[in-house]
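Engineer: how does the following fold in three dimensions:
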Amino acid sequence: MSTTLSPKQEETAEIIYKLTRKFNYPPTLDEIAAEMGITKGTLQYHMTALRKKNAITWNPGSARSVRVIDSRYLRDLETKYPEGSSGRLPKPPSNGEFKVDRTQIPVLGKIAAGKPLSVMDDTDEYLELDSYFPSGCYALRVKGESMVDALISDGDLVLIEPRHTAHNGEIVVALLDDEAATLKRFYKEEGRIRLQPENPTMQPIFVPASQDLKIQGIVKGVIRKV
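Structural biologist: The predicted model follows:
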């Protein structure tokens, strides 16, 4: 490839390509994760890295939007899987799924990627983004470095889908005792919740079953600070 990928990133891109050829349209994240035998949260980590390296295009929140775009790797894959190859990826289906309008997403404040803090105040700031993001999405500005290995850094904007439940491995906005919010990867364990940072220098937050923890939403995308 024109950009060096890790073995797992190469595997992810190859699975995307193979499933796209199989279905004749881009696969969903659930289909890719099932094929690879990994969680959806782990897959999103690899997808974000691939997108940062310009190996794929992917719009979080759109069911079937991922495509391999690295031209050198596409040629390698077409050589490896020549059957039925036309030299191009299939065109998106004409059912309107890929038709994109624009919408405004409110920036509701800051969220801690570090120690929990009370933030998330209303603001007058809005993002104009494609409307494939789920209805009701909002954005939060990241404060801290606890999620850097998930490619979420201080000053970035995270796009949040409001949800009150999460699957293991998903990055969530977690509200502790109705006071302090934090951005962490969610894991439900026996008798407790583990809020795991993506920074090897930081320790997880363990929330016992007796403590009040509410899931406010799930990270669906990241906009880098400029």
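Engineer: rest of the way, CA atoms for contacts and neighbours
Structural biologist: Will do.
Engineer: care to break this protein down by domain?
Structural biologist: The record's domain parsing of the chain by automatic domain parsing lists 7-80, 102-223.
Engineer: mean neighbour count and mean pLDDT for the ones you listed - can I get that in CSV?
Structural biologist: Shown next, in CSV, are the domains of the chain (neighbours: other C-alpha atoms under 10 Å; pLDDT from 0 to 100):
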stretch, mean neighbour count, mean pLDDT
domain 7-80, 18, 83
domain 102-223, 18, 81
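Engineer: the helix or strand containing Ile215 packs against which elements?
Structural biologist: Assigned by DSSP states H and E, Ile215 belongs to strand 213-223. Counting contacts by 3 or more C-alpha pairs under 8 Å, 6 or more residues apart in numbering; DSSP states H and E, strand 213-223 packs against strand 157-162, strand 171-176.
Engineer: okay if I get those strands as CSV plus distance to Gln203?
Structural biologist: Below are the helices and strands packed on strand 213-223 laid out as CSV (distance: least, C-alpha to C-alpha, whole Å):
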stretch, distance to Gln203
strand 157-162, 22
strand 171-176, 16
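Engineer: need the residues that contact stretch 173-186.
Structural biologist: The contact list for stretch 173-186 (C-alpha atoms under 8 Å, 6 or more residues apart in numbering) reads 111-119, 146-147, 166-172, 193-198, 211-219.
Engineer: for that stretch, C-alpha coordinates in CSV please.
Structural biologist: Only the C-alpha atoms of stretch 173-186 are listed here, as CSV (Å, rounded to 0.1, in the frame of the first residue of the first chain):
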residue,chain,number,x,y,z
VAL,A,173,-20.2,9.3,27.1
ALA,A,174,-20.6,8.1,30.7
LEU,A,175,-22.3,10.2,33.4
LEU,A,176,-21.3,9.4,37.0
ASP,A,177,-23.6,10.2,39.8
ASP,A,178,-25.5,12.7,37.6
GLU,A,179,-22.6,15.1,38.0
ALA,A,180,-19.4,14.1,36.1
ALA,A,181,-19.1,13.1,32.5
THR,A,182,-16.2,11.2,30.9
LEU,A,183,-15.4,9.7,27.5
LYS,A,184,-14.1,6.1,27.8
ARG,A,185,-14.4,2.6,26.2
PHE,A,186,-17.2,0.7,27.9
